[in-house]
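> Can you look at this prediction? I've put the sequence above it.
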Amino acid sequence: MVDTALLLPRHLQEAERQLRRLQQACDWDGDLPVLLLDRCWLRLEVLPIAGLCHRLPPDASREAPELVRYRELLDRGMAALDAQQLCWSEFGPQACHQAQRRFWQASEQGRRVWTLEDFLNLLEGYRQSFSHCRPRRLPLLVLAREGEDLQGGRHQLHWLEAADFGEDRPMRHTCP
């Protein structure tokens, strides 16, 4: 069960409404809901799964072919300098430098809070939940606060289910 103390009563009502909508869906499609909780503004946003990558573009800088190839060579036991030179010969020095620069810029700007891997894991978990679980589970993405060290500055993914809305759910704490 998810700690629903994160959600205000109006958020709980919306989440329950979206969960009912999800239970009634016949097939997987891009209109299935994802909940985004912005705790700074106490705002709960409902997005279609197809719109999530537009609202929260995943950082794919780590997935640049030059960097993926470099990591593969290191994993095979190649020395770092040899791996770098091989990548330079395959992709060109400029492309390798540019991929590294994008990766470090993304890391420094805090865009690592939502990676391509995170996005794909959410999609996979949602599809599995949709096809294998009854009742279905609804994804709730709790956005990391600016400057907060939440799981290393990352967004938190929770899965809501009907049991999270029972009468025995904990009271929401309002004190700091």
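Perfect, I can see it now. From a predicted model like this one, the values you see are computed outputs, not experimental measurements.
> Helix or strand for residue 134, just tell me which one.
Using DSSP states H and E, residue 134 is not contained in any helix or strand.
> my bad, should have said residue 98
Using DSSP H and E, residue 98 falls in helix 93-108.
> and the next helix or strand after that helix, what other elements does it pack with?
Next helix or strand after helix 93-108 toward the C-terminus (DSSP H and E): helix 116-132. Other elements packing on helix 116-132 under the criterion 3 or more Cβ pairs under 8 Å, 6 or more residues apart in numbering; DSSP states H and E are helix 52-55, strand 138-142, strand 156-160. From N, CA and C alone the C-beta is placed, and that goes for glycine too.
> between these, which gets nearest to residue 19?
strand 138-142 (4.9 Å; Cβ to Cβ).
> is it true that residue 68 lies in a helix?
Yes - checked against DSSP: H, G, I helix; E, B strand; the rest coil, residue 68 lies within a helix.
> Can you check the pLDDT for it?
In this model, residue 68 is scored at 91, pLDDT.
> contacts for stretch 95-102?
Outside stretch 95-102, the residues that touch it by Cβ atoms under 8 Å, 6 or more residues apart in numbering are 61, 64, 65, 66, 67, 70, 84, 87, 88, 91.
> Next, format those as CSV and append distance to residue 108.
CSV is the format used below for the contacts of stretch 95-102 (distance: Cβ to Cβ, whole Å):
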residue, distance to residue 108
61, 11
64, 16
65, 22
66, 19
67, 16
70, 20
84, 21
87, 22
88, 24
91, 23
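> Pull out the buried residues from the helix holding residue 98.
Neighbour-count burial for helix 93-108, counted by 16 or more other Cβ atoms under 10 Å, picks out 96, 99, 100, 102, 103, 106.
> again, but for stretch 123-130
For stretch 123-130, the neighbour count (16+ other Cβ under 10 Å) marks 126, 129, 130 as buried.
> Show me how this structure divides into domains.
The record's domain parsing of the chain by automatic domain parsing lists 4-58+114-165, 61-111.
> What mean pLDDT does the first one get?
If you average the pLDDT over domain 4-58+114-165, you get 85.
> to the chain's geometric centre, what's the distance from that domain?
In this view, domain 4-58+114-165 has its centroid 9 Å away from the chain centroid, taken as Cα atoms, centre = their mean, to the nearest Å.
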